[in-house]
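S.K.: I need the structure of the sequence given here:
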Amino acid sequence: MLTLRRSLVLSSIAVLAVAIGLTVAFAYRLARQALEEEFAQMARGNAALLAAAVAGPLAQRDVAAVQELLESLVREHALAYVELHDPREGRLIAAAGKIELGRGAQTTRAAQATPETLLAAHGLYHFAHDVAIGPQ
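M.R.: This next block holds a predicted model:
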């Protein structure tokens, strides 16, 4: 039979454990939201950098130069992959970077994996941005 003192101690420990668990969960959620916003801001900055860098080569239809720019963006900014699509035709102009999509390293295609799959399986955040070059 539990004494009153023992019941109070066990109840206090249970309440404290729940409070600590909720505090840790809340702190984790806040930290994750802050990191996601930081990643989104970085992605927007990279999109602006990409737009400025590829404007000239795209105007000259120099796909090799665009490819080089994407590869340097991946290399210098710790990105897993970058793709540049033509918004009018939807075709892939250039892509750089690799991720694991099942069997071995493959050149990425954003259509091959959902953002949720990339995050769950690889810890990668997927951001898609429209990059406007010139008057639309």
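
S.K.: what ranges do the helices span in the chain?
M.R.: Along the chain, counting by DSSP state H, helices occupy 4-59, 63-76, 115-122.

S.K.: winner for burial among those helices?
M.R.: helix 63-76 (a mean of 16; mean count of other C-beta atoms under 10 Å). For the C-beta atoms, the positions are set from N, CA and C on the backbone; glycine is no exception.

S.K.: could you check the angle helix 4-59 makes with it?
M.R.: Put simply, helix 63-76 runs at 150 degrees to helix 4-59, going by axes from the mean of the first three to the mean of the last three C-alpha atoms, to 10 degrees.

S.K.: Begin at 33 from now on, thanks
M.R.: With 33 as the first residue, the last one maps to helix 95-108.

S.K.: Determine the set of other helices and strands touching helix 95-108.
M.R.: If contacts are counted by 3 or more C-beta pairs under 8 Å, 6 or more residues apart in numbering; DSSP states H and E, helix 95-108 sits against helix 36-91, strand 113-117, strand 124-132.

S.K.: got the contact list for it?
M.R.: 78, 81-82, 85-86, 89-90, 111-114, 116, 125-129 (C-beta atoms under 8 Å, 6 or more residues apart in numbering).

S.K.: at 6 Å what do you get?
M.R.: 85-86, 89, 114, 126, 128-129 (C-beta atoms under 6 Å, 6 or more residues apart in numbering).

S.K.: Which member of the residues you listed is positioned nearest Thr35?
M.R.: Nearest to Thr35 out of the contacts of helix 95-108 is Gly129 (C-beta to C-beta; 64.6 Å).

S.K.: Least confident secondary structure element in this protein?
M.R.: Lowest on mean pLDDT, DSSP states H and E among the helices and strands of the chain sits strand 137-139, with a mean of 48.

S.K.: can you redo the contacts of helix 95-108 as JSON lines with distance to Gln65 and pLDDT?
M.R.: Output for the contacts of helix 95-108, formatted as JSON lines (distance: C-beta to C-beta, whole Å; pLDDT from 0 to 100):
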{"residue": "Ala85", "distance to Gln65": "30", "pLDDT": "83"}
{"residue": "Val86", "distance to Gln65": "31", "pLDDT": "84"}
{"residue": "Pro89", "distance to Gln65": "37", "pLDDT": "89"}
{"residue": "Val114", "distance to Gln65": "25", "pLDDT": "81"}
{"residue": "Ala126", "distance to Gln65": "32", "pLDDT": "85"}
{"residue": "Ala128", "distance to Gln65": "29", "pLDDT": "85"}
{"residue": "Gly129", "distance to Gln65": "26", "pLDDT": "81"}
